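Colleague: got a structure for you, letters missing:
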């Protein structure tokens with residue numbers, strides 16, 4: 001996922017680079033607008049929290065008859081914030097909680113919009129209109145190609161050994177078809193339909209793929225996170241953490 005700080009500080013650069021991958025400038029603008037709204041809400045929430053901290057520091061200076069009521073009020077606000085963080089129902093008449101809920105929705109919107117943008121092409125990737133513009137640097141031997149039926153059968157056969165295992169990690173050289181991880185420079189998806197079919201049926205937590213070096217990125221198919229770290233020289237790597245019976249992963253760059 002693109003660094004939101006880079007998009008904020010160099011929007012024209014990001015738009016120019018993403019245009020090479022067929023992304024309209026308006027898509028970047030939508031993300032920037034959503035981010036601006038999120039930051040405004042964050043500033044308001046931070047102001048309220050700072051005010052609560054100030055009141056906590058000064059509560060000892062209040063007259064005894066006011067002190068207990070102020071302490072109870074502060075504790076109630078903290079408890080409300082904890083409930084909101086857990087996703088529990090909130091009191092719609094409480095402006096503090098409503099503001100916090102709005103911030104949560106704004107953060108989710110920014111994340112979803114950011115996930116729709118592909119990564120910026122690496123400097124060494126050739127820009128062209130079709131596969132004919134690709135530059136062959138070196139060829140060794142004969143490429144080994146499997147049919148989609150063979151790929152699907154291989155995935156299914158391997159799955160039988162781990163059918164009851166959770167969490168489930170899928171590692172498949174070709175990325176699933178029609179994602180942000182399988183597009184050549186022209187924007188054409190060239191991934192595996194068999195891999196996509198398997199993911200839609202089995203729903204593994206995470207799928208790590210490669211093959212399409214110019215398409216380093218992150219996407220989702222249903223609940224499954226899809227990753228392509230790109231070429232080794234690009235410095236991409238994937239961090240995976242087990243959280244109970246689920247896996248969580250993210251794409252990082254050196």
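Modeller: Nice, thanks for sending it over. Remember, it's a predicted structure, so these values are computed and weren't measured experimentally. Numbers count the residues shown, from 1 in each chain.
Colleague: got a list of contacts for the strand or helix carrying residue 79?
Modeller: Taking DSSP states H and E as the definition, residue 79 sits inside helix 64-85. The contact list for helix 64-85 (Cβ atoms under 8 Å, 6 or more residues apart in numbering) reads 52, 55-56, 59-60, 62, 89-91, 94, 96-97, 100-101, 104. C-beta here means a position set from N, CA and C on the backbone, and glycine is covered the same way.
Colleague: ok, now stretch 223-238?
Modeller: 119, 122, 124, 170, 175-176, 179-182, 199, 203-220, 247-254.
Colleague: In strands only, show me those.
Modeller: 170, 206-209, 217-220, 247-253 (DSSP state E).
Colleague: Weed out the non-buried ones from those residues.
Modeller: Buried members of the ones in strands among the contacts of stretch 223-238, scored by 16 or more other Cβ atoms under 10 Å, are 170, 206, 207, 208, 209, 217, 218, 219, 247, 249, 251.
Colleague: Can you tell me which of these is closest to residue 190?
Modeller: Nearest to residue 190 among those: residue 209, at 12.0 Å, using Cβ to Cβ.
Colleague: that older thread, what's the most distant pair in the ones in strands among the contacts of stretch 223-238?
Modeller: The widest separation within the ones in strands among the contacts of stretch 223-238 (Cβ to Cβ) is 22.3 Å, between 170 and 253.
Colleague: Show me what secondary structure element comes after the lowest-mean-pLDDT helix or strand in the chain.
Modeller: None of the helices or strands of the chain scores lower by mean pLDDT, DSSP states H and E than helix 64-85, at a mean of 81. Reading on from helix 64-85 to the C-terminus, the next helix or strand found by DSSP H and E is helix 95-116.
Colleague: Which other helices and strands does that following helix contact?
Modeller: helix 25-58, helix 64-85, strand 217-221 (3 or more Cβ pairs under 8 Å, 6 or more residues apart in numbering; DSSP states H and E).
Colleague: go with 10 Å
Modeller: helix 4-9, helix 25-58, helix 64-85, strand 217-221 (3 or more Cβ pairs under 10 Å, 6 or more residues apart in numbering; DSSP states H and E).
Colleague: Listing request: residues of the chain with sub-threshold pLDDT.
Modeller: Low-confidence segments of the chain (pLDDT under 70): 87-93, 129-131, 138-144.
Colleague: OK, contacts around residue 250?
Modeller: Residue 250 is in contact with 1, 218, 225, 227, 237, 238, 239, 240, 241, counting by Cβ atoms under 10 Å, 6 or more residues apart in numbering.
Colleague: Narrow the residues you listed to those in strands?
Modeller: When DSSP E defines the strands, the subset of the contacts of residue 250 inside them is 218, 225, 227, 237, 238, 239, 240, 241.
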